[in-house]
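In: the sequence and its predicted three-dimensional model are supplied below.
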Amino acid sequence: MRIALIGQAAFGTAVLEAISESGKDEIVGVFAPPDREGRPSDPIVEAANASGLPLFQFKRLRDDAAIEQFTAVEPELCVMAFVTDIVPMDMINFPAKGTIQYHPSLLPKHRGPSSINWPIVAGETETGLTIFWPDDGLDTGPVLLQKTIDIGPDDTLGSVYFKRLFPMGVDAMVEAIDMVRDGNAPRTTQDESQATYEGWFKAKEAAIDWTRPGQEVYNLVRGSDPQPGANSTLKGERVSFYSASFSAIAGEEGQSSEAGTVLQIGDEGLNVAVSGGTLSVGRVRGPDRKKVSAAEFAASVQLSTGDRFGN
């Protein structure tokens, strides 16, 4: 097939390379974000150039020039691999065999741009990925295939994505392309009664509420690691926590310290009181935006036991 790929970053690059390495199809166009002054090119741009593939960079895919270029390369299939721009229906509907897109959740659950963070933060025990046929809604098109993974009790955003959803997603894209080529790719309508949507998961959403149960605080920390980082304040300055673990305490034992209070500082990190247990923090990012060991951070701000985050 003649394939146009719209994508960016490491995931889009990996999908591009996987399609190229399979040797089954012709990539007739790579549509990538434009270069930004003073910053390196997106890795997909470098990969396309290194392979001598036709590369097109538009600030807005909705612009007439982008649509005209897309139709001019005459793709039979469009593959969308990590796309943050709005792709117009003129592009989505043009290829004879349609357009397929990767989404890192089990649609229709967790539609939206931060679909890996939210299930971890919610304490869910499974998630997955969906390859679907995009339509004019947001992650609402028919499903082509899905893959499910477990979310372990100590999984983070980083471990779920980089260790599982990323490599599995690349393989699923190749599998989906094979199914389209072979003419056996399903279009299963999403069950709207099961649909959920969440917006961007940013620093505001990652702010710690110390009145919440300790397990919920821990879910927030691991669902925000490595980005955007679950955050609180110390003497009015924002700090973010990473590489954390949670130890539950049975009954009322150990609940005398107010949640957010520093209980212990050591070489391995710092322990903070939370409702129902202790949050152990291994790394911290302070106001200088540098991510350092919790022990180094404690020394730099002269943190002491009894100090409290959230003030």
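Out: Received the coordinates, thanks. Note that the structure is predicted; figures quoted are calculated from it, not measured.
In: C-alpha from now on. contacts and neighbour counts both.
Out: OK.
In: in what helix or strand does the residue nearest to residue 27 when sequence neighbours are not counted lie?
Out: The shortest distance from residue 27 to any non-neighbouring residue, by CA to CA, 6 or more residues apart in numbering, is to residue 3 (4.8 Å). Using DSSP states H and E, residue 3 sits in strand 2-7.
In: for that strand, which helices and strands make contact with it?
Out: Counting contacts by 3 or more CA pairs under 8 Å, 6 or more residues apart in numbering; DSSP states H and E, strand 2-7 is packed against helix 9-22, strand 26-32, strand 77-81.
In: the helices in the stretch 1-150 of the chain, which residues?
Out: 9-22, 43-51, 64-72, 89-92, 117-121 (DSSP state H, counting those that start in this stretch).
In: residue 245: which of the ones you listed is closest?
Out: Of all those, it is helix 117-121 that lies closest to residue 245, at 14.1 Å by CA to CA.
In: before we move on, back to that, strand partners of the strand holding residue 3, parallel vs antiparallel please.
Out: Neighbouring strands of strand 2-7 in its sheet, by DSSP bridges, are strand 26-32 (parallel), strand 77-81 (parallel).
In: which one of those is the most hemmed in?
Out: Highest mean neighbour count among the strands paired with strand 2-7 (mean count of other CA atoms under 10 Å): strand 77-81, with a mean of 26.
In: may I have that strand as PDB, with CA atoms only?
Out: Provided in PDB are the C-alpha atoms of strand 77-81 (Å, rounded to 0.1, in the frame of the first residue of the first chain):
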ATOM      1  CA  LEU A  77      -3.800   4.400   3.900                       C
ATOM      2  CA  CYS A  78      -3.000   7.100   6.500                       C
ATOM      3  CA  VAL A  79      -1.300   6.100   9.700                       C
ATOM      4  CA  MET A  80      -1.500   8.500  12.700                       C
ATOM      5  CA  ALA A  81       1.200   7.800  15.300                       C
END
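In: pull the distance from it to the chain's centre.
Out: Mean-position distance between strand 77-81 and its chain equals 19 Å (CA atoms, centre = their mean, to the nearest Å).
In: ok, residues contacting the strand holding residue 3?
Out: Strand 2-7 is contacted from outside by 12-13, 16, 25-32, 44, 70, 73-83, using CA atoms under 8 Å, 6 or more residues apart in numbering.
In: if I look at residue 93, how far off is residue 75?
Out: 11 Å (CA to CA, to the nearest Å).
In: tell me where the stretch 151-300 of the chain has helices.
Out: Using DSSP H, counting those that start in this stretch, helices in the stretch 151-300 of the chain cover 157-160, 166-182, 214-223, 294-301.
In: output those helices in a markdown table; the columns should cover mean neighbour count, mean pLDDT and distance to residue 149.
Out: Shown next, in a markdown table, are the helices of the stretch 151-300 of the chain (neighbours: other CA atoms under 10 Å; pLDDT from 0 to 100; distance: least, CA to CA, whole Å):
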| stretch | mean neighbour count | mean pLDDT | distance to residue 149 |
| --- | --- | --- | --- |
| helix 157-160 | 20 | 98 | 9 |
| helix 166-182 | 18 | 98 | 10 |
| helix 214-223 | 25 | 98 | 16 |
| helix 294-301 | 16 | 96 | 31 |
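In: so which of those gets nearest residue 145?
Out: Of the helices of the stretch 151-300 of the chain, nearest to residue 145 by CA to CA is helix 166-182, at 7.2 Å.
In: run the angle between the closest one and helix 9-22 for me.
Out: 40 degrees (axes from the mean of the first three to the mean of the last three CA atoms, to 10 degrees).
In: who does helix 166-182 touch, helix- and strand-wise?
Out: Using 3+ CA pairs under 8 Å, 6+ apart, the elements in contact with helix 166-182 are helix 9-22, strand 126-132, strand 143-150.
In: deepest-packed of the ones you listed, please.
Out: The highest mean neighbour count among those, using mean count of other CA under 10 Å, belongs to strand 126-132: a mean of 23.
In: what sits up against it?
Out: Outside strand 126-132, the residues that touch it by CA under 8 Å, 6+ apart are 100-107, 119, 141-151, 165, 169, 172-173, 176, 187.
In: what distance separates that strand from the centre of its chain?
Out: Strand 126-132 sits 12 Å away from the centroid of its parent chain (CA atoms, centre = their mean).
In: partner strands of it, with direction?
Out: When pairing is defined by DSSP bridges, strand 126-132 lines up against strand 99-103 (antiparallel), strand 143-150 (antiparallel).
In: give the rounded mean pLDDT of the shortest one.
Out: Throughout strand 99-103, pLDDT has a mean value of 98.
In: what's the answer for the longest one, then?
Out: Over the span of strand 143-150, the pLDDT mean works out to 98.
In: alpha carbons of that strand, as PDB, please.
Out: The C-alpha coordinates for strand 143-150 follow below in PDB (Å, rounded to 0.1, in the frame of the first residue of the first chain):
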ATOM      1  CA  VAL A 143     -12.100   0.100  16.900                       C
ATOM      2  CA  LEU A 144      -9.800  -2.000  14.700                       C
ATOM      3  CA  LEU A 145      -7.900  -3.800  17.500                       C
ATOM      4  CA  GLN A 146      -7.100  -3.600  21.200                       C
ATOM      5  CA  LYS A 147      -4.400  -4.900  23.500                       C
ATOM      6  CA  THR A 148      -4.800  -5.100  27.300                       C
ATOM      7  CA  ILE A 149      -2.100  -4.800  30.000                       C
ATOM      8  CA  ASP A 150      -2.100  -5.000  33.800                       C
END
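In: fine, thanks again, bye for now.
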